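In: Below are the sequence and a predicted model; questions follow.
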Amino acid sequence: MAVFEITHPLVRHKLSLMRSISRSTRSFRQLSAEVGCLLTYEATKDLEIEDYQLEGWNGEITGQRIKGKKATVVPILRAGIGMLDGVLELMPSAKISVVGLYRDEETLEPVTYFEKLAGDINKRMALIIDPMLATGGSMNATIDLLKQAGCTDIRALVLVAAPEGIKKVESEHPDVDIYTASVDSHLNENGYIIPGLGDAGDKIFGTK
Ligand SMILES: O=P(O)(O)OC[C@H]1O[C@H](OP(=O)(O)OP(=O)(O)O)[C@H](O)[C@@H]1O
Ligand SMILES: O=c1cc[nH]c(=O)[nH]1
Ligand SMILES: [Mg+2]
């Protein structure tokens, strides 16, 4: 497994804006989509391409197009929805496979409440999106669901990752690469990422 921490200046700048306690819901939501878009750019940089002939303004030319597997984007409800528009900016034809999970506040264990995957997910590359990789329980449960459905090419895109969560995904799913805007310091006693973003779902949806 590889962990790609994206250090592009735009990512650094936007993620720092998101960390401010005074950031509005509207702005946090917009930044989630923007950083999601930049992570998608990085997470798709190894897609295979092929040459093809096309008619240009001055005659026939050789173009390139993406070859092989199509994609499905997998937002983990709720907070993953905040990154979805940004991912779809770059991959407008991707199918969307939705997984609903919340983290039990006492046990920190993931609880699954919804699942609707693309029917041909076994033939697609899956980009899981969730702002937070904390203990890694939610991500591992989602990867389990996708693998049970036959998916073999899975990438995880998270705005912020804790070392504890990375370790957990790595130990159970060494074939899954993680793309993140930041590997943060650690989890606190309540399982929140430090310095982190706070509760990303609440910030995106404007709830408490
Ligand atoms: O790595 P973990 O320890 O599993 O924690 C991360 C999960 O917690 C948050 O979701 P939350 O349970 O708050 O649900 P929400 O998106 O509905 O707010 C977050 O969006 C991840 O899905
Ligand atoms: O820091 C964290 C951990 C889990 N879920 C969040 O929204 N934030
Ligand atoms: Mg939440």
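Out: Arrived safely, thanks for sending. Ligands and ions are numbered 1, 2, ... in the order given.
In: can I assume Leu108 sits in a strand?
Out: No: under the criterion used here (DSSP: H, G, I helix; E, B strand; the rest coil), Leu108 is coil, not part of a strand.
In: from now on call the first residue 181
Out: Okay, residue one is now 181; in that scheme the one you just asked about reads as Leu288.
In: Just give the nearest non-adjacent residue to it, would you?
Out: Gly371 (4.6 Å; C-beta to C-beta, 6 or more residues apart in numbering). The C-beta positions use only the backbone N, C-alpha and C, and glycine is treated the same way.
In: Correct me if wrong: that neighbour contacts Gly317.
Out: No: here Gly371 lies out of contact with Gly317, judged by C-beta atoms under 8 Å, at a distance of 9.1 Å.
In: hey, what's in contact with both of those two?
Out: Contact criterion C-beta atoms under 8 Å, 6 or more residues apart in numbering; residues bridging Gly371 and Gly317 by contacting each: 283, 288.
In: Counting by contacts, list what the top helix by length along the chain packs against.
Out: Using DSSP state H, we find that the single longest helix of the chain is helix 205-223. Judged by 3 or more C-beta pairs under 8 Å, 6 or more residues apart in numbering; DSSP states H and E, helix 205-223 is in contact with helix 189-199, helix 261-270, strand 304-313, strand 333-341, strand 357-363, helix 380-385.
In: can you list those in TSV and add mean pLDDT and mean neighbour count?
Out: Shown next, in TSV, are the helices and strands packed on helix 205-223 (pLDDT from 0 to 100; neighbours: other C-beta atoms under 10 Å):
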stretch	mean pLDDT	mean neighbour count
helix 189-199	98	15
helix 261-270	98	21
strand 304-313	98	27
strand 333-341	98	25
strand 357-363	98	23
helix 380-385	98	20
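In: how much space between Glu369 and Val356?
Out: 28 Å (C-beta to C-beta, to the nearest Å).
In: Kindly report the same for Val278.
Out: 19 Å.
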